[in-house]
Every structure is written in structure tokens, then in C-alpha cells.
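got a sequence here, can you model it:
(4 chains)
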2 protein chains.
Amino acid sequence: MLTSAPINLKQLAGQLGLSSSTVSRALRDSYEISPATRERVQQLARQVNYQPNPIASNLRSHVSKTIGVVLPQVDNHFFASAIDGIEEVAQAHGYHVLIYLTHDQAAQEKTVASFLGQGRVDGILVALASATRSVGHFDKLRQRGLPIVQFDRVNRLLDTATVTTDDYGSAYQATEHLLRAGCRTIAHLRLTENLSISRRRLQGYHAALRDYGLTPDPELVLSASDTDEANIASIAQLLQQRPDTDGIFATVERLALSSYHACRRLGLSIPQTVKIIGFSNMEAASLLAPGLTTITQPAYAIGQEAARILLHALTKRRPVLASQSLELKSELVVRGSTGGA
Amino acid sequence: MLTSAPINLKQLAGQLGLSSSTVSRALRDSYEISPATRERVQQLARQVNYQPNPIASNLRSHVSKTIGVVLPQVDNHFFASAIDGIEEVAQAHGYHVLIYLTHDQAAQEKTVASFLGQGRVDGILVALASATRSVGHFDKLRQRGLPIVQFDRVNRLLDTATVTTDDYGSAYQATEHLLRAGCRTIAHLRLTENLSISRRRLQGYHAALRDYGLTPDPELVLSASDTDEANIASIAQLLQQRPDTDGIFATVERLALSSYHACRRLGLSIPQTVKIIGFSNMEAASLLAPGLTTITQPAYAIGQEAARILLHALTKRRPVLASQSLELKSELVVRGSTGGA
DNA sequence: CTGTTAGCGCATTCAT
DNA sequence: ATGAATGCGCTAACAG
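Here you go, the predicted model:
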């Protein structure tokens, strides 16, 4: 089926009257090659458009020039932007990006981890699934020497560099925003307990409440279910059980939207009766939604930084150190407060 | 650095007292292996957690079990959902997904095409960059026998199967929606002329205007620039030059949002003075935005179908036929007209 | 049904 | 500075 099979090293060497090993070295700028032949080789290589076979190269050298990216979802603007940043940095370094979606499921993530242990990738970028409790599947890879960087949804039990946002601070800020707007009964919607991101956001929320003289009420803290519909139902239920609820702090985009739905369904007017603030990376949300305040994470930058840390390790052949971890700032976007574009 | 190197075929064969070829065949369920030894082999393989090296396999068999996905962007809900669908189908078939972003630039796309010609992938899924004029770089791959499926942003000059939506029909429907709402001066915002998607959407718009007794006015047709800021400026300029404009039909999500921005900037009230309808796949948009009507493409399904066509070709070892092309329906979502979830 | 042999394309010894 | 030989781990052609 293949028409014009691409030229290979041996054929190139043949045309030059050299051995393939010499050509191989010349192409890789080996120091032990005369500048003259190096130039000659590289010129012909360009001329005939020689493309080294990356598979063969990989088999021999154990370098795939590929990184694996593991994400819970991509239909969420945060991860979409993160991929964008990752891809940009990877491409700039000549790396390829293999992508895997876990749909927030632990089993899926384990399967993916086993794929990643087969030598397809030189390193891994991961945002853990919210359902993940044990990180053994990734730790095994780490112990084998595969560099890993966690971002956003991280777990401290997995000893790697991490790139996160100031979850505590922005949760505090978000809660404070509602408190200043007069809210006194603020619901807290979160993904799951076992992500550090969830814990830290809850702590920020608690701290803000206390600083404003309020006592955290466990009844107002809701952990997400698997489906949007279930979440909307739980939120609606909470709002009915606690009609005094006047504020909602959603720690992820989906839950902010579900809150919107739930309020609509119950006929609660949104900025007036209940105020909603939520993490979200839809640039459109703050533009389109009246009364919705968003906390926007620097998703693109997070992707870039995570990729940079990983690629630095790969190109310098150094391990990834936990000490390289980064914490970036989120941005509170109050509707109307943003500029033009 | 690598601690416990994974076991390989030869070692496995050694432990079983068999030759590696027998083991290889037993693992691949070859018909010419006795059920007894096949069972024995597979059992030990599971026990010692043998993972075949996909790189070596690829080098030998020219099968990478990987598909390449080329996208203009991912910070756009349409493509994000499409990836989701693609990934799901790929994973179900045991395929891996390599992702490349072109940022709508032709040069980037050429580079990517050359990567894809190196044997990393068994097939390609592509949504063309809007800046792409010639498709020679992909056609070369196609001629070499690499199966390609285009989706959404397709070009007929590249003879492959395509998966698209009913661009003509939905553009007609969108324009009609504005006409019925009383609009008489409707601007048409599009990406670029050289995508069939753009042409067909423009035709649908023209047809609707004519059917309502209006003459298409070229002055109202605007092609997008490179940056959002430039687009907002052009749209604002158009709205000032033609203050009679009472409707905007944006053929892509970004342009719908830019229209929103432009109206805001000029202080035009959105459902009252100017009505906007736009293609968009933010499930949130129709929920959040007052007065914004959206046409939602079945992005997830498009991704799935495109992947299915490609994987069918790969697993059956058949070429991709243009006759396998699919056209899916879009959905017009008028604000408030949608149900609960 | 199973074993032997060969080689995918490249990078790396080891020679010279 | 260059070439010859070896093998990465696997699959396939060719025996038996």
C-alpha cells in the first residue's frame, strides 16, 4: 500500500559512500566526525528529506521524545487550556503528546498507568482522577525512574513535583467575597475528600467563616456525585433543607453550573436570593452570566509550567524533584470588573 | 535509574522452556498453537505481569496502535468535546491518541504532517486549520497509504472520508431564527473563505435571506482576523458603519463571544437592539447568557464517528473511503427552551 | 503444532 | 575520523 517508502539511514549512507554509523553520528553532531563530512551528510539529508525513524530510534535508545498527559476530563475549560499550554511547551522542545482521559475514574487511571509503563513515554504529566484513593500505580512508575509531574489535582503521597494554585488563599478570598456581599449561610460544594485540592479549599472556606465570626456547619458541605443530574438534585435538596442558604461556593466549574441549574429549577433568583461563586475557566462565564462571580485559575500557565518542569528533567536527564513544585495565583473575576478583551 | 526492568519475551520463553516465537504466537492467540500451551503461556504472562514492548512490536510489525489527532485549538468547547469522543472510541479499541494543535496556522500544520509521516501513527484524524490553503502535506501522507479522516473543518481537495454537520441547513435555520424574530439587517461572521464549512454556512445564510425577500449585502459579511481583539474591533466597526444592524450570525464560538464583547463595548443592549445567534458548544452558554441563541454541534458524536470510521479501517485493514462520510445534525438551542439538565 | 533464523532501522560498542 | 559488528524486543518466513 505504501507508495514511496521514506528513505532510511542505510540508503542515505549508500548514496554518500559512507557507513551508516558514520552518517548516524554526523546527523547527531557527534564530536568525532570531521566538519567536512558532517556538512556533506546533513546537506544530503535535508535534500532528500531524510526523516529518522523514531520507532527504531526509540527501541535502540529508549528515548521516545513523547510525554504522556493524564487528565480527568477535557470538557472543562481548565483542562482544555492546560493541554494547550502543555502542547505548546512540548512542541517547542520537539516532544510529542500522548493524551489519556480517565473520566475521573480510578480503574481507568490504573489502566492508563500500565500503558505508560510500557516505554511509550519518557515522562508523565498527571491531574489525578477525583476517585483515586491510592497512587500506587503511579508510584511504581516513579520508582522505575519515569519522571512525573502532578498538576492541579495532586496527591502528596505521590512524591513528585507539583504545579498547583493557591487553593487555600483563593477559597478564602471567594468565601470572603460572599461574606462581604452579606451572605451568612454559605454552602460549600466540593469534588471529593481525598484530593489535597479539596482539603485546602475547604480549609480556606472554614478560615474565612471563622474570621467573620461564623461557625462552619458540616450540613452545608456537599461532596459531588458521579453525574451532573445527581449533583443538581443534591444541591436542590440542600437548598430546600436549608432555605436560609444565601451563598454557594462551588470548588469546581461543573458544580458551579449545577448550582445555577438547581437554583433555576427551584425558582431562586440568582444574584438576589442566592449568590454563587465558583472556580471556572470559561472566559465566557463571567462575560455571559449575570451575578456569577468566578475564580479563574491560570490554566494555560499551569500546563506550561508543569510541562517545563518535566521537560527540563528530560532534557537535562535529571530526576524531577518535589522541591521544584510551583504554586500559582488564581484570579477572582467579579462580573463587570474585567476590562475590554 | 530504572529499578526493576520489565520482563521481556525471551525471558518469559526461558521460564517456560519454549521458544520466543511460540510464546509470541500464544500470546497473540494464533490459531496454530495448542490450547494447552497457549493457556500455560498466558497464565504465566499474567502472573509475572508481562507487558510486551510496544516499540519493538511497532518496529517489526509497522503497527503503532496509535492515531494522530490534529486540531486547530482545544480552548473551544467543540474540539474539547470532540477529543473526548475520539479518546473514548480509541481507548475502547486499544488505541492510543497523539495530539497536535496547529493554532489555526498553516505552517504549524505542515510541521505536524511531517511528524505524522514518520511512522508514529497508524492513522490520522484532522480538523484543518482555517489558514490552510493547500492540503498537499496531508495528501502526501494519504498517498503513502496512511488512512485519514477529516472532521468539521474539511477540504474536499483532500480525498478522504469526512464527518461534518449540516452546515448549510443549520446556517439557514439560524438565519431564519433571526428573521422570524424581526431582524432585517443581519451580519454574518465567518472564519475564512477557504473552508467548505464557511462556504456552506454562508450559502445557508444567503438562502434564508432570499427566502425572506432580502438581498444579501456583502458589506455585512466579515471574515475573522487572527486575534480576538482584532475581531472585536472589526465587529464594533461594522456595527458603527451599519447602525441598522439588528442581528448577528456568528459561525463559530469565538466570534459569537467577540460579538458579545463588541456590543457591550458600544453599549448596545443585546437581545433588544441586536440579537446574536452563534455556533457554540459551551453547554453553559445557553444557560448563562440572556438573549444568546446557540447552535450546538454534536461535537462528542462527531469525534466518536470520525474515530470509528478510522478505526474500522485500521482494524479491518481497509482503506478509508470518501463514501463513508457522515453528516450529523446540529441543534438549535433557544434560551429557555431546553429542559432540566 | 513448535523451533530456527532473520531482520525491522537505528545507535552504540569495538576495532582500526 | 570512519567502518564492522552487535543488539534493542519483537514478529514473521521458513522449516520441520
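
which other residues reach stretch A:301-311?
If you take C-beta atoms under 8 Å, 6 or more residues apart in numbering or on different chains as the criterion, stretch A:301-311 is touched by A:67, A:81-90, A:93, A:95, A:123-125, A:147-152, A:161, A:163-165, A:320, A:324, A:326, A:328. C-beta here means a position set from N, CA and C on the backbone, and glycine is covered the same way.

CA atoms only for that stretch, dumped as PDB, please.
The C-alpha trace of stretch A:301-311 is given here as PDB (Å, rounded to 0.1, in the frame of the first residue of the first chain):
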ATOM      1  CA  ALA A 301       0.300  28.800  32.700                       C
ATOM      2  CA  ILE A 302      -0.200  25.700  34.900                       C
ATOM      3  CA  GLY A 303       0.100  23.500  31.800                       C
ATOM      4  CA  GLN A 304       3.200  25.300  30.600                       C
ATOM      5  CA  GLU A 305       4.900  25.200  34.000                       C
ATOM      6  CA  ALA A 306       4.200  21.600  34.600                       C
ATOM      7  CA  ALA A 307       5.500  20.700  31.100                       C
ATOM      8  CA  ARG A 308       8.600  22.900  31.600                       C
ATOM      9  CA  ILE A 309       9.500  21.100  34.800                       C
ATOM     10  CA  LEU A 310       9.100  17.800  33.200                       C
ATOM     11  CA  LEU A 311      10.900  18.700  30.000                       C
END
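
now A:Lys140: how far from A:Leu116?
Relative to A:Leu116, A:Lys140 is positioned 10 Å away (criterion: C-beta to C-beta, to the nearest Å).

more neighbours, these two?
Per other C-beta atoms under 10 Å in any protein chain shown, whichever of A:Lys140 and A:Leu116 has more neighbours is A:Leu116, with 23 against 15.

in this structure the more buried one contacts A:Leu141, no?
Yes. A contact is recorded between A:Leu116 and A:Leu141 when judged using C-beta atoms under 8 Å, the distance being 6.2 Å.

need the overlap of contacts for these two.
A:Ile124.

name the helix or strand of chain A that has the lowest mean pLDDT.
Between all helices and strands in chain A, the lowest mean by mean pLDDT, DSSP states H and E belongs to helix A:283-288, at a mean of 68.

pLDDT on the next helix-or-strand element following that one, on average?
Once the chain leaves helix A:283-288, the next helix or strand it forms, by DSSP states H and E, is strand A:292-296. Strand A:292-296 carries an average pLDDT of 87.

parallel or antiparallel, list what pairs with strand A:292-296.
Partner strands and pairing direction for strand A:292-296 (DSSP bridges) are strand A:275-279 (parallel), strand A:331-333 (antiparallel).

could you list the buried residues of the shortest one?
In other words, strand A:331-333. Buried residues in strand A:331-333, counted by 16 or more other C-beta atoms under 10 Å in any protein chain shown: A:Val333.

next, the buried residues of stretch A:128-138.
The neighbour-count check on stretch A:128-138 (16+ other C-beta under 10 Å) flags A:Leu128, A:Ala129, A:Ser130, A:Ala131, A:Thr132, A:Val135, A:His137, A:Phe138 as buried.

what helices or strands is the helix or strand where the last one lies leaning on?
Per DSSP H and E, A:Phe138 falls inside helix A:136-143. Contact analysis of helix A:136-143 by 3 or more C-beta pairs under 8 Å, 6 or more residues apart in numbering or on different chains; DSSP states H and E lists helix A:106-116, strand A:123-126, strand A:148-151 as its packing neighbours.

name the residues that touch the second one?
Taking C-beta under 8 Å, 6+ apart as the criterion, the residues outside strand A:123-126 that touch it are A:67-71, A:86, A:116, A:138, A:141, A:146-151, A:306-307, A:310-311, A:313-314, A:320.

then the last one?
With C-beta under 8 Å, 6+ apart as the contact definition, strand A:148-151 has outside contacts at A:82, A:123-128, A:138, A:141-142, A:158, A:160-164, A:302-303, A:305-307, A:309-310, A:320.

then the helix or strand following it to PDB, C-alphas only?
Moving toward the C-terminus from strand A:148-151, the next helix or strand (DSSP H and E) is strand A:161-165. Only the C-alpha atoms of strand A:161-165 are listed here, as PDB (Å, rounded to 0.1, in the frame of the first residue of the first chain):
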ATOM      1  CA  ALA A 161       7.000  17.900  41.700                       C
ATOM      2  CA  THR A 162       3.600  19.600  41.600                       C
ATOM      3  CA  VAL A 163       2.100  22.600  40.000                       C
ATOM      4  CA  THR A 164      -1.000  23.900  41.800                       C
ATOM      5  CA  THR A 165      -2.800  27.100  42.500                       C
END
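
pull the distance from strand A:161-165 to the chain's centre.
Taking C-alpha atoms, centre = their mean, to the nearest Å, one finds strand A:161-165 lying 10 Å from the centre of the chain it belongs to.

so what strands line up beside it?
Applying DSSP bridges, strand A:161-165 is found paired with strand A:148-151 (parallel), strand A:326-328 (parallel).

most tightly packed of those?
With neighbours defined as mean count of other C-beta atoms under 10 Å in any protein chain shown, the strands paired with strand A:161-165 peak in mean count at strand A:148-151, which reaches a mean of 28.

that strand - what's its average pLDDT?
The pLDDT scores in strand A:148-151 average 98.

also stretch A:310-327?
Averaging pLDDT residue by residue across stretch A:310-327 gives 95.

need the per-residue pLDDT for the residue lying closest to A:Ala284 once chain neighbours are set aside.
Residue nearest to A:Ala284 in three dimensions, not counting chain neighbours: B:Leu257, with 5.5 Å by C-beta to C-beta, 6 or more residues apart in numbering or on different chains. According to the per-residue confidence, B:Leu257 scores 87 in pLDDT.

residues in contact with B:Leu257?
B:Leu257 is in contact with A:Glu283, A:Ala284, A:Leu287, B:Asp228, B:Gly278, counting by C-beta under 8 Å, 6+ apart.

what does A:Leu266 give?
Contacts were defined as C-beta under 8 Å, 6+ apart; by that measure A:Leu266 touches A:Ala236, A:Leu239, A:Gln240.

whichever strand or helix holds A:Gln304 versus strand A:161-165: what angle between them?
A:Gln304 is located in helix A:299-316, with elements delineated by DSSP H and E. Using axes from the mean of the first three to the mean of the last three C-alpha atoms, to 10 degrees, the interaxial angle of helix A:299-316 with respect to strand A:161-165 works out to 170 degrees.

check whether helix A:299-316 comes into contact with DNA strand C.
No. Where contact is defined by C-beta under 7 Å from any atom of the strand, no part of helix A:299-316 touches DNA strand C; the two come within 14.7 Å at best.

and that helix, how far out from the chain's middle?
On the basis of C-alpha atoms, centre = their mean, helix A:299-316 is displaced by 11 Å from the centre of the chain it belongs to.

if anything else comes up later, I'll come back, but that's it for now.
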